[in-house]
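Visitor: following is a predicted model, sequence given first.
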Amino acid sequence: MRLLTCKNTGDFGLPEAFASDETIPPYAILSHMWEAGQEVTFKDLMDGTGNGKTGYNKIQFCAQQAERDGLQYFWVDTCCIDKSNGIELQGAINSMFRYYQNAEKCYVYLLDVSATKGNVSRETSVSAWELDIRQSKWFRRGWTLQELLAPLSVEFFSREWEKLGDKKSLRQQIHDATGIPNTALEGVPLSQFSDKQRFSWIQCRETTVEEDKAYSLLGIFDIEMPLRYGEGSASAFKRLDEEISKLNTCLQDLRSTDPYDDKKRIENTKGGLLIESYHWIIKNPDFQRWRSDPQSRLLWIKGDPGKGKTMLLCGIINELSKSMAGTAHLSYFFCQATDSRINSATAVLRGLLFLLVNHQPSLVSHIRKKHDQTGKALFEDANAWIALSGMFTDIMQDPSLKSIYLIIDALDECVTDLPKLLDFIVQTSSTSSRVKWIISSRNWHDIEERLGRAGNKVRLSLELNAESVSAAVRSYIRHKVSRLAQDKKYSEQTEHAVLDYLHTNANDTFLWAALVCQNLDKMSRFNTVTKLKAFPPGLNSLYEQMIQRINKSDDADLCKRALAIVAVVYRPITLQELTSLVEELDGMAEDLESAREVISLCGSLLTVRDGIIYFVHQSAKDFLLKKAFHVIFPSGSELVHYAVFSRSLLAMSNKLRRDMYSLSAIGYPINKVKPPDLDPLAALYYSCIYWIDHLYDWASSFSTHDQSALWSGGTVDIFLRKKYVYWLEALSLCKSMSRGVVSMAKLEALINERAPASSTIEVVRDARRFIMYHKSAVESSPLQVYASALLFSPTCSVIRALFKEEEPKEIVIKTRMQDRWSNCLQTFEGHSSAVCSVAFSHDSTRLASASYDRTVKVWDAHSGECLSTLEGHSSAVRSVAFSYDSTRLASASDGRTVKVWDARSGECLSTLEVGTVLSSISFDTSDSYLQSDIGAIDIRVPSSSRPLSVKPEPQRPHYHGLALSADKVWIKYGSDNLLWLPSEYRSFCSAVSVNTIAIGAGNGKVWICEVQHSSSLRN
């Protein structure tokens, strides 16, 4: 970026170049309308000409105004960009929004607005310029959008250089002239406005060059893309749409939850956020030290359960949001142990990244580098933590970010990979001066020990601030009791009695007070004072009292059964899913009030939010599992797992059928499937995904004796024989086929161990081979389980024989299928050309494959899921190998290069020019050398990498009648996918004759498929 310098003489100096954002000083920026032939260019300044042009006066004024505002530098587009340099021009236009956003002041010069005119009339005080400003051509320019919205400070000047006002004082006039919402003018992040809204802002604007109408939106959407002047407006907008679509897809895949919504939900659930309940911490010396001391980068707020840590952090978030005023970035996350979406280290990083990128979409470039290759699996596979932490580190080093505040609540409820997360927090707080952390947790020794490694931390113990916490709890109690008294119409005497009892027994615990008030709200107001004594002080005592009350109720068994199920499930279940798992609620999936009533009978231990059942607090679940285990699980938790398994199997047996969503077309793609309003799977989602896990937890227990469910004629045997393919369809609709592959392997291992002599084992083995072989087809199109999966299974397949009637009668495969499953356990599909080399990692968890398509793919060796695609070779990849510690991967290509990759993140660590084509490589035992055709290659010293190759976008062909798809994966009829082809049946060459297609496969086989296309093929 080049900047002009202000001189004391009122003139300005030549453009001065700054290499990086860190070195750019504070500057002003000019927004103006060009006059043909009168603008001073970069070349004019360098040649010492241009001072005779009328545009020279604008530059002089800008220099003088910047100096009056205490700034030494300023930027003007016409003379700070060398437009003869195409690369520089591309970079400048893509960076234009950021140039304006980072400016201290933006001066808008309105050539067509005069301040010398008087008032509109003698009867009004309205100046003539106030009407003229609405008609200014500046407001109709395409580039005006980002020049108006990006800077915080925008000041408007007339053609006489008199100040007319700023973006704040002229907000109504600007809104009338542009139609842009006031909230956007006030600085609300543009990502908060829909794509449609932002596109509408450009519709009535004009640009000199037609492509600029699209290019002027780059900053509005925080998008970067190559400029192609001459391509036409339609093409430019098409490319812009594609980039926006990629951005939106990346954000959708990144989002596992929206922490902004989680915060609102938490506040609403707890009855709103009271300033009095958190304001004390803002003035606390420890908090103030963390806030003001640049070296204090980590604040740990710790305290016992129920002390209000979460609401404290909600309050801190509000205060920081107000005080930062666009000078820093804030992101936060709320962990919850009972919700698998938000109880892991990867979920925390995804949530923090989501808010950061949502606030500043340009940061998504750090994520899209890998997401464009890998897709959603980037955030969910076995390497997700490595990839996410790497992206997070890159973002924290992004020069466009000044300061970042990161807040995580309830670290003790991060049940997966907490040590990794703590180490990451410690590392970044110690190495990055721009990042400040606030974290909260219980007083756990493990957390204290890990955080002990951080050198710049501040501890804030709620127990050591008991007086402040007590005052906050008392304020909270006064608020809650006042609401209760109003709703229940308490007398003044009763209100005082409730207030006194809560003050006396709350023990500085918000949760205790909240639970008592919740129970009082459910009770009749009569004899309230007497009923108060039923609520003992202390959380555990209160939970114990709730359990006792449940035991004495008429619905004790039902409530304890519901509590036990909610305690053992692997993720929070919905009310509809509960109806499938509790016998008394059977058939009530559409009567959710009955299920809701059961939850309300469980004291205040459970709560329902958005139709999902949660424990009211993690401490409630802890109490059940530790203090009340024998009450809730009188026969052990294993029998509850059995109950969930058996109820799941019963519900699925009763409801699963062919074409659950009435898709009709057997090739209907999963990415177009939308659940119907009355979703027949709504009550079955949990059962479909987790029934085998519960079976395993029951059957693998040593205390389990009756295991008839596993034997011939048992419930598992019957379910697989009657419902297996319908279950696979449901798994595809639930987008959980990979989970199904893992579950079937788990089931086979269990039957082998517990019922090896039963005929069930033959069904299970065949069923496992069936899902492994046909996973890709069914995952792609749910109804292919009845077409491709059945038609291409061996003739002696148990599953094929059991569901023979489901095969499409209109499709006949005129080649003999093999009798039995081949020795091939699974086919991993994804390469677009032949595979040259494969290698297992030494821990046997991953498989790498190298292909003529110039890529290396890394697969989960158990589920067959593609974990990552490594791109960068310019030629076919001949060989691939894992290091002995399985952390690195090496690949050799026809381009006479060897690349070494990080096996987890997919990052290319180095590129080695070897001067010849290597057919075989492998790591030595020290992982320091590669053994190859030419001897040992030292890989300890990395060299620079080559640039990535760019692939042209393929054209989509049109199909008429019977045909093969371009990728040879589908037999199509017209535009419809008809039959998915397993890899060994795919075409090397083919021929079509009316309704018959003959295919010559790469394995030497020729086979024929005859299709009688009719409306019946729709289902």
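Guide: Perfect, I can see it now.
Visitor: quick check: buried residues in stretch 253-269?
Guide: Judged by neighbour count using 16 or more other C-beta atoms under 10 Å, the buried positions of stretch 253-269 are 253-257, 259-260, 262-263, 266-267. To be clear about C-beta, it is placed using only N, CA and C from the backbone, and glycine gets the same treatment.
Visitor: in stretch 560-575, what counts as buried?
Guide: Quick answer for stretch 560-575 (16+ other C-beta under 10 Å): 560-569, 572-575.
Visitor: cool, stretch 185-200 as well?
Guide: Buried, per 16+ other C-beta under 10 Å, within stretch 185-200: 185, 190-191, 193, 198-199.
Visitor: strands along the stretch 851-1000 of the chain, start to end?
Guide: With DSSP state E, counting those that start in this stretch as the criterion, the stretch 851-1000 of the chain has strands at 855-860, 866-871, 877-882, 888-893, 897-902, 908-913, 921-923, 929-932, 935-938, 962-964, 970-973, 976-980, 987-993, 996-1001.
Visitor: ok so, going back, nearest to Trp385, of the buried residues of stretch 185-200?
Guide: Ser191 (26.0 Å; C-beta to C-beta).
Visitor: report the contact partners of the closest one.
Guide: Residues in contact with Ser191 (C-beta atoms under 8 Å, 6 or more residues apart in numbering) are 222, 358-359, 361.
Visitor: report pLDDT for the residue lying closest to Ser928 once chain neighbours are set aside.
Guide: Take Ser928 and drop its neighbours on the chain: the residue closest to it by C-beta to C-beta, 6 or more residues apart in numbering is Arg940, 5.3 Å away. Per-residue confidence (pLDDT) for Arg940: 73.
Visitor: do the one 5 residues further on as well
Guide: In this model, Ser945 is scored at 39, pLDDT.
Visitor: any chance of the contacts of Ser191 in CSV, plus distance to Ser216, secondary structure and pLDDT?
Guide: Formatted as CSV, the contacts of Ser191 follow (distance: C-beta to C-beta, whole Å; DSSP: H, G, I helix; E, B strand; the rest coil; pLDDT from 0 to 100):
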residue, distance to Ser216, secondary structure, pLDDT
Asp222, 13, coil, 85
Asn358, 23, helix, 84
His359, 22, helix, 82
Pro361, 16, helix, 81
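Visitor: would JSON lines of those residues with neighbour count be doable?
Guide: Compiled in JSON lines, these are given as follows (neighbours: other C-beta atoms under 10 Å):
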{"residue": "Asp222", "neighbour count": "20"}
{"residue": "Asn358", "neighbour count": "20"}
{"residue": "His359", "neighbour count": "16"}
{"residue": "Pro361", "neighbour count": "20"}
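Visitor: tell me which of those is nearest to Ser468?
Guide: Closest to Ser468, out of all of the contacts of Ser191 and judged by C-beta to C-beta, is His359, at 31.5 Å.
Visitor: wait, the closest one touches Gly187, no?
Guide: No - counting by C-beta atoms under 8 Å, His359 stays clear of Gly187, with 11.6 Å between them.
Visitor: from the buried residues of stretch 560-575, which land in strands?
Guide: If you go by DSSP state E, the buried residues of stretch 560-575 have nothing in strands.
Visitor: out of the residues you listed, who's nearest Ile407?
Guide: Proximity of the buried residues of stretch 560-575 to Ile407 was ranked by C-beta to C-beta; the top entry is Pro572 with 23.2 Å.
Visitor: OK, contacts around the closest one?
Guide: 338-340, 566, 612-614.
Visitor: which ones are touching the closest residue to Ser153 other than its chain neighbours?
Guide: Spatially, and ignoring its direct neighbours in sequence, Ser153 is nearest to Lys105 (5.1 Å; C-beta to C-beta, 6+ apart). The contact partners of Lys105, by C-beta under 8 Å, 6+ apart, come to 28-29, 65-66, 69, 71, 151, 153, 155.
Visitor: quick check: domain ranges of this protein?
Guide: 2-116+125-251, 256-466, 468-537, 538-634, 645-822, 835-1010 (the TED database).
Visitor: for Phe828, find the nearest of the ones you listed.
Guide: Among the domains of the chain, the nearest to Phe828 by C-beta to C-beta is domain 835-1010 (5.0 Å).
Visitor: which residues of the stretch 801-950 of the chain score low on pLDDT?
Guide: For the stretch 801-950 of the chain, the stretches with pLDDT under 70 are 822-827, 863, 941-950.
Visitor: let's see it at 50
Guide: Low-confidence segments of the stretch 801-950 of the chain, defined by pLDDT under 50: 943-950.
Visitor: in the stretch 601-750 of the chain, which spans are strands?
Guide: Going by DSSP E, counting those that start in this stretch, the stretch 601-750 of the chain shows strands at 606-609, 612-615.
Visitor: His641: which of the ones you listed is closest?
Guide: Among the strands of the stretch 601-750 of the chain, strand 612-615 comes nearest to His641, with 17.7 Å by C-beta to C-beta.
Visitor: give me the nearest residue to Lys263, chain neighbours excluded.
Guide: Nearest non-adjacent residue to Lys263, counting by C-beta to C-beta, 6+ apart: Cys314, 5.9 Å away.
Visitor: how about Phe424?
Guide: Nearest non-adjacent residue to Phe424, counting by C-beta to C-beta, 6+ apart: Ser389, 5.8 Å away.
Visitor: what is the neighbour count of the one you found?
Guide: 21 (other C-beta atoms under 10 Å).
Visitor: do Lys857 as well
Guide: 24.
Visitor: would TSV of the contacts of Lys105 with pLDDT, distance to Leu502 and secondary structure be doable?
Guide: Formatted as TSV, the contacts of Lys105 follow (pLDDT from 0 to 100; distance: C-beta to C-beta, whole Å; DSSP: H, G, I helix; E, B strand; the rest coil):
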residue	pLDDT	distance to Leu502	secondary structure
Ala28	94	58	strand
Ile29	94	58	strand
Gln65	92	61	helix
Ala66	93	61	helix
Asp69	92	56	coil
Leu71	93	57	coil
Pro151	90	51	coil
Ser153	91	50	coil
Glu155	94	55	strand
